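Enquirer: here you go, sequence then predicted model.
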Amino acid sequence: MFVENLIGRKDTCISFYIYFIVDENKCLAGVFWSDLICIKNYILCGEVLSADATYGTNKYDMVFVPFTGVDHHKRCIIFGAGLIGDKSIECYTWMFKTFLEAMGGRQPRIIITDQDKSMKSVVPEVFKESTHRLCMWHIMKKLREKVSYQLFQDEDFKTRLNRCVCNNQLEPDEFEEQWGKIMTDYQLVEHKWFSDLYVLREQWIPAYFKDVSMSGLMRVTSRSESENSFFDRFLTPHLTLVEFWVCYESALEAQRLKQSKLNSENKHSEIPRKTKSNLEVHASEIVAECDDNDVKLLIEKMRDIRLDIISNRSVLANKKDKMKEIENYVGCKIPEKLVIHVPKNPKNKGRTKGKRIESQMLKALKKRAKEKRDIINLIGIVFPEYNNFKAFCTINNIVVLQEHNKLY
């Protein structure tokens with residue numbers, strides 16, 4: 001019934017792609033599907049691809065493998081999806097080859113997966129033009145089960161580990177130094193899991209591929225969590241394949257509806273600017289008039305310039321060397337002293353108590369209160385018998401209120 005629904009979709013929509021295989025018992029062993037919108041999204045945003053096989057889907061224990069990426073709104077989008085009977089090398093090989101066939105043989109620049117051993121051996125064989133990286137979120141998610149309960153509850157340990165692992169500003173030697181201190185301080189030098197991760201450090205630590213754009217798929221934990229929560233809405237073990245397909249279609253339509261709303265908002269709204277410089281205003285006007293190919297060409301040229309700068313940059317050991325490199329790149333030295341000019345129109349904000357510059361309104365209120373006090377004191381001098389009475393004065397008249405009588 002499930003395969004029949006997919007075949008029926010193919011009959012009504014020529015651009016819908018479906019391919020499935022059966023085993024020797026004529027049972028479904030694998031199926032992959034994608035439509036025209038998914039393929040178009042892959043052509044536009046498929047430089048970084050995420051293949052996640054950590055989802056259990058239904059009562060038949062088939063593995064759900066979604067192929068996802070990040071669109072121009074920095075939101076996750078689906079390029080295609082499939083089901084396989086198990087996590088064997090044969091199933092992964094068939095799934096990845098079918099995906100590439102559906103996408104016209106176009107390989108991603110980077111593919112990100114979990115630590116599955118079978119997948120790790122298949123990716124280099126199928127995605128020969130792609131760089132393989134491991135998902136940091138899946139690795140750090142295993143921390144709870146790999147360390148003791150007491151160590152996992154240690155906030156200082158988790159803070160130091162996250163700062164070491166997730167900091168993309170560190171150089172490789174700085175990362176290795178911090179990692180070694182953490183392993184020594186918490187007696188984890190002989191820990192097998194951490195030792196294995198250290199061997200694989202070049203595949204998941206940002207310090208080793210700072211020059212590679214990952215589209216946030218690997219480094220941003222919140223994006224991986226949102227992606228998992230999106231699929232968890234329709235991945236429950238009691239669903240049949242038909243029920244799974246209906247839930248998948250509903251979730252996919254909701255995702256595309258959200259993307260359409262964001263596209264409409266961007267089209268009819270002005271891009272917020274970070275500065276008021278004429279250069280940024282002029283650049284935003286040019287980009288708004290360009291088509292997708294022009295913008296893509298601009299991004300590629302900027303990426304080439306960035307890679308050229310990074311390739312010519314030497315590996316620096318300390319902050320002094322970094323400061324010297326900045327000075328050489330800018331073309332001038334950092335001044336030892338800074339000359340601060342006194343502003344012509346000083347602001348009130350930031351002054352200490354008692355030294356704050358009074359505003360014109362505050363001066364007027366104080367002057368008005370002083371005039372009232374002078375008038376009340378004058379009434380007390382002229383009419384001593386009314387010293388104990390309350391007085392109220394306004395700008396144009398004076399009214400003295402007595403406890404039982406009125407004075408005009």
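Expert: Structure's in. What do you need? Numbering: from 1, shown residues only.
Enquirer: hey, C-alpha coordinates of stretch 14-31 in PDB?
Expert: The C-alpha trace of stretch 14-31 is given here as PDB (Å, rounded to 0.1, in the frame of the first residue of the first chain):
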ATOM      1  CA  ILE A  14       6.100  13.400 -13.600                       C
ATOM      2  CA  SER A  15       8.800  15.200 -11.700                       C
ATOM      3  CA  PHE A  16       8.300  13.000  -8.600                       C
ATOM      4  CA  TYR A  17      11.300  10.700  -8.200                       C
ATOM      5  CA  ILE A  18      10.800   7.200  -6.600                       C
ATOM      6  CA  TYR A  19      13.000   4.100  -6.600                       C
ATOM      7  CA  PHE A  20      12.700   1.100  -4.400                       C
ATOM      8  CA  ILE A  21      14.100  -2.400  -4.000                       C
ATOM      9  CA  VAL A  22      12.900  -5.700  -2.500                       C
ATOM     10  CA  ASP A  23      14.700  -8.600  -0.900                       C
ATOM     11  CA  GLU A  24      14.600 -12.200  -1.800                       C
ATOM     12  CA  ASN A  25      11.400 -12.700   0.100                       C
ATOM     13  CA  LYS A  26       9.800  -9.900  -2.000                       C
ATOM     14  CA  CYS A  27       9.700  -7.600   1.100                       C
ATOM     15  CA  LEU A  28      10.500  -3.900   0.900                       C
ATOM     16  CA  ALA A  29      14.300  -3.500   1.500                       C
ATOM     17  CA  GLY A  30      14.700   0.100   0.600                       C
ATOM     18  CA  VAL A  31      12.900   3.100  -0.900                       C
END
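Enquirer: show me what it is in contact with.
Expert: Outside stretch 14-31, the residues that touch it by Cβ atoms under 8 Å, 6 or more residues apart in numbering are 2-3, 6-7, 9-10, 32-36, 39, 62, 80, 82-85, 91, 94-95, 98, 101-102, 241. For the C-beta atoms, the positions are set from N, CA and C on the backbone; glycine is no exception.
Enquirer: buried residues of it, list them for me.
Expert: Phe16, Tyr17, Ile18, Tyr19, Phe20, Leu28, Ala29, Gly30, Val31 (16 or more other Cβ atoms under 10 Å).
Enquirer: of those, closest to Lys158?
Expert: Nearest to Lys158 among the buried residues of stretch 14-31 is Gly30, at 39.2 Å by Cβ to Cβ.
Enquirer: distance of that closest one from Lys366?
Expert: 84 Å (Cβ to Cβ, to the nearest Å).
Enquirer: where does the stretch 151-300 of the chain dip in pLDDT?
Expert: Within the stretch 151-300 of the chain, the set of residues satisfying pLDDT under 70 comprises 211-237, 270-277, 279-280, 284-296, 299.
Enquirer: what about the helices in it?
Expert: 155-166, 172-185, 192-199, 221-232, 241-267, 278-289, 292-311 (DSSP state H, counting those that start in this stretch).
Enquirer: would TSV of the ones you listed with mean neighbour count and distance to Gly69 be doable?
Expert: Formatted as TSV, the helices of the stretch 151-300 of the chain follow (neighbours: other Cβ atoms under 10 Å; distance: least, Cβ to Cβ, whole Å):
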stretch	mean neighbour count	distance to Gly69
helix 155-166	15	21
helix 172-185	15	27
helix 192-199	14	25
helix 221-232	15	10
helix 241-267	14	12
helix 278-289	11	22
helix 292-311	11	15
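Enquirer: what's the closest of the ones you listed to His138?
Expert: helix 221-232 (7.5 Å).
Enquirer: in JSON lines: the buried residues of stretch 14-31, plus pLDDT.
Expert: Output for the buried residues of stretch 14-31, formatted as JSON lines (pLDDT from 0 to 100):
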{"residue": "Phe16", "pLDDT": "88"}
{"residue": "Tyr17", "pLDDT": "90"}
{"residue": "Ile18", "pLDDT": "89"}
{"residue": "Tyr19", "pLDDT": "90"}
{"residue": "Phe20", "pLDDT": "90"}
{"residue": "Leu28", "pLDDT": "86"}
{"residue": "Ala29", "pLDDT": "87"}
{"residue": "Gly30", "pLDDT": "91"}
{"residue": "Val31", "pLDDT": "92"}
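Enquirer: quick one: which two of those are the most distant?
Expert: Phe16 and Ala29 (20.9 Å).
Enquirer: show me what contacts the closest residue to Gln115 other than its chain neighbours?
Expert: Using Cβ to Cβ, 6 or more residues apart in numbering and skipping residues adjacent in sequence, the residue nearest Gln115 is Leu134, 6.1 Å away. The contact partners of Leu134, taken as Cβ under 8 Å, 6+ apart, are Ile112, Thr113, Asp114, Gln115, Leu200, Gln203, Trp204, Met218.
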